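**Student:** next input, structure requested:
(4 chains)
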There are 2 protein chains.
Amino acid sequence: MRTVAAETRIFQALADPSRRAIFESLTRGEAAVKDLTARFDISQPAVSQHLATLKDAGLVKGRRDGRCVYYRVNPSGIKPLIDWIAHYRAFWTDHLGRLEALLGRMGE
Amino acid sequence: MRTVAAETRIFQALADPSRRAIFESLTRGEAAVKDLTARFDISQPAVSQHLATLKDAGLVKGRRDGRCVYYRVNPSGIKPLIDWIAHYRAFWTDHLGRLEALLGRMGE
DNA sequence: ACAATCAATAAGCCGTGCCTTATATATATC
DNA sequence: GATATATATAAGGCACGGCTTATTGATTGT
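**Tutor:** All right, here's what the predicted structure looks like:
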């Protein structure tokens, strides 16, 4: 088994629409596997497998509470992704305005 | 054939290590297919296929000059990716410091 | 026109990815 | 302890992705 770069795991994890939808759903708040299974039109094992992939990429974390396992976004998980983009900042300096506006909103 | 979201195409395009390496190589400057073929240990058709995928995702652009076709990064190509990340900014506010530093460097 | 160079396309192989159903494991309840 | 609920794992099917070699297309030069 080969070691895979963090960026590769993150890009691969977010490349699948179903998995990205699950991740986006979790950004709206913590949710149990059964909640996500109810939300999407795929089987419970499929949801668990997607969550395992997201967890392996460091994008989410799981917490068991009784019978349920609640998943939530790991805020620092997308750091490698941000770092990767920042590394090629020379190519998106034209987005500077957008970023400044973003920083402004974040200061509120 | 199904329509695929822009973010999906971008994530999928950057998920493959070889393809991401080609993209990163292009951030160092324009290059012809033959240059990239010499740089990486894959066949010329493989390089062309990767470039087609990157182009389809809007990440690169091609320009023919004589027999050679030169590819370069499309600066606005990663905008959907930045927008996607920004949409979940609530989860990376802890990276604010890094971003501010980044903006500082970009102002130089 | 012919030959040489560069790139794209075609066809096929093979591994991987995502889904399913079936089963196992863990926890709670009766 | 037995049953029910919640999740994870196992196994298999099937499509897709990335690579190869072979070929075609485009451009240049002799």
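**Student:** any residue of stretch A:32-43 touching DNA strand D?
**Tutor:** Yes - legend: contact between stretch A:32-43 and DNA strand D by CB under 7 Å from any atom of the strand is shown at A:32-34, A:37. Where you see a C-beta, it was placed from the backbone N, CA and C, and this is true even at glycine.
**Student:** tell me which residues of the longest helix seen in chain A come out buried.
**Tutor:** In chain A, assigned by DSSP state H, the helix with the most residues is helix A:44-56. Using 16 or more other CB atoms under 10 Å in any protein chain shown as the test for burial, helix A:44-56 gives A:46-47, A:50-51, A:53-55.
**Student:** filter those by proximity to chain B?
**Tutor:** Among the buried residues of helix A:44-56, proximity to chain B is found for none (CB under 8 Å from any CB of the partner chain).
**Student:** looking at those, which is nearest B:Gln12?
**Tutor:** A:Thr53 (14.5 Å; CB to CB).
**Student:** hang on, the closest one packs against A:Ser18?
**Tutor:** No - at 10.5 Å, A:Thr53 does not count as touching A:Ser18 under the criterion of CB atoms under 8 Å.
**Student:** so where do the strands sit in chain A?
**Tutor:** Secondary structure of chain A (DSSP state E): strands located at A:31-32, A:60-65, A:68-73.
**Student:** quick one: closest of those strands to chain B.
**Tutor:** Closest to chain B of the strands of chain A is strand A:68-73 (CB to the nearest CB; 5.3 Å).
**Student:** out of the strands of chain A, which is closest to DNA strand C?
**Tutor:** Closest approach to DNA strand C among the strands of chain A is made by strand A:60-65 (6.2 Å; CB to the nearest atom of the strand).
**Student:** next up, the contacts around the spatially closest residue to A:Asn74 that is not a sequence neighbour.
**Tutor:** In space, and not counting its chain neighbours, A:Asn74 is closest to A:Lys61: 4.9 Å by CB to CB, 6 or more residues apart in numbering or on different chains. Neighbour list for A:Lys61: A:55, A:71-72, A:74 [criterion: CB atoms under 8 Å, 6 or more residues apart in numbering or on different chains].
**Student:** low pLDDT regions in chain A?
**Tutor:** A:1-2, A:89-108 (pLDDT under 70).
**Student:** which bits of it sit near DNA strand C?
**Tutor:** By the rule CB under 7 Å from any atom of the strand, the part of chain A lying against DNA strand C is A:12, A:15-16, A:18-19, A:41-43, A:45-46, A:49-50, A:53, A:64, A:66-67.
**Student:** try 6 Å this time
**Tutor:** Where chain A comes near DNA strand C, counting by CB under 6 Å from any atom of the strand, the residues are A:16, A:18, A:42-43, A:45-46, A:49-50, A:53, A:66-67.
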